[in-house]
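>>> Here is a sequence with its predicted model. Questions after.
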Amino acid sequence: MTAEFVTPSSALPGRPAPFVLEAGDGERAHLFDQLFTVLLSGDETQGQFGVFTMEAPRGPAVPTHSHPDVHEIFYILDGKVRVVVEDNQGGTVDQVLTTGDFGYVPAGHKHSFRVESHRARTLGVSTGGFERFFAAAGEPTESRMPPERPVVPSPEQLGDAARRFRNDFHHDVRLID
């Protein structure tokens, strides 16, 4: 069996089918100071999970948020990322993850993260469908680098993407100062 090669100008297969991507390929989007690249979507996994990378420079924390039915993992490919997650007792787990470290955020738990090193790259896995939040909230891009200037969506665009992709922002809760 021969795998499909997905080129940078094409979308992911959109159905369960073997395929390969070359380094840097996938569906890319800029959001805030981050580059997100979707490598596998819920379309290819029958809604089971999505896989993406995030690359960003040191910067402010991502706003505190939760996903009522979306699980999420962080695997640090390079750099340092502080991950703060609400625990089961209402406290927090606050950990700086470094290359090779892993973090898990169960559905419904408030969380935030911030790049602590000059630059960081993470691999993320989430419940299928959520991986497309980044393009809906930000801007699809052909660039393979984080944006030179932050891509800040309008409140309407961010709110629409949050509703569509099950992402609840908690503006009254700040997990990282």
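Right, received. Where do you want to start?

>>> rest of the way, CA atoms for contacts and neighbours
OK.

>>> ranges for the helices of this structure?
133-137, 155-164 (DSSP state H).

>>> Pick the most buried one from the ones you listed.
Comparing the helices of the chain by mean neighbour count (mean count of other C-alpha atoms under 10 Å), helix 133-137 ranks first with a mean of 22.

>>> which residues are contacting that one?
28-31, 36, 153, 157-158, 160-162, 164-165 (C-alpha atoms under 8 Å, 6 or more residues apart in numbering).

>>> quick check, nearest of the residues you listed to residue 91?
Checking the contacts of helix 133-137 against residue 91 by C-alpha to C-alpha gives residue 162 as the nearest, at 24.7 Å.

>>> if you skip the residues just before and after it, what's nearest to the closest one?
Leaving aside its sequence neighbours, residue 162 sits nearest to residue 168 (C-alpha to C-alpha, 6 or more residues apart in numbering; 6.4 Å).

>>> how deep is that neighbour tucked in, by neighbour count?
Residues near residue 168, counting by other C-alpha atoms under 10 Å, number 16.

>>> which residues does it contact?
Counting by C-alpha under 8 Å, 6+ apart, residue 168 makes contact with 65-68, 162.

>>> For those residues, name the two members farthest from one another.
The most widely separated members of the contacts of residue 168, counting by C-alpha to C-alpha, are 68 and 162 (11.5 Å).

>>> I'd like the helices of the chain as TSV, with distance to residue 46 and mean pLDDT appended.
What follows is these, written out as TSV (distance: least, C-alpha to C-alpha, whole Å; pLDDT from 0 to 100):
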stretch	distance to residue 46	mean pLDDT
helix 133-137	17	97
helix 155-164	18	96
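
>>> okay, the ones you listed in TSV with distance to residue 91 next?
Converted to TSV, the helices of the chain look like this (distance: least, C-alpha to C-alpha, whole Å):
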stretch	distance to residue 91
helix 133-137	27
helix 155-164	25
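
>>> Just name the shakiest helix or strand of the chain by mean pLDDT.
When the helices and strands of the chain are compared on mean pLDDT, DSSP states H and E, strand 4-5 comes out lowest with a mean of 57.

>>> one step back: among the contacts of helix 133-137, pick out the one closest to residue 173, please.
Of all the contacts of helix 133-137, residue 162 has the smallest distance to residue 173: 16.9 Å, by C-alpha to C-alpha.
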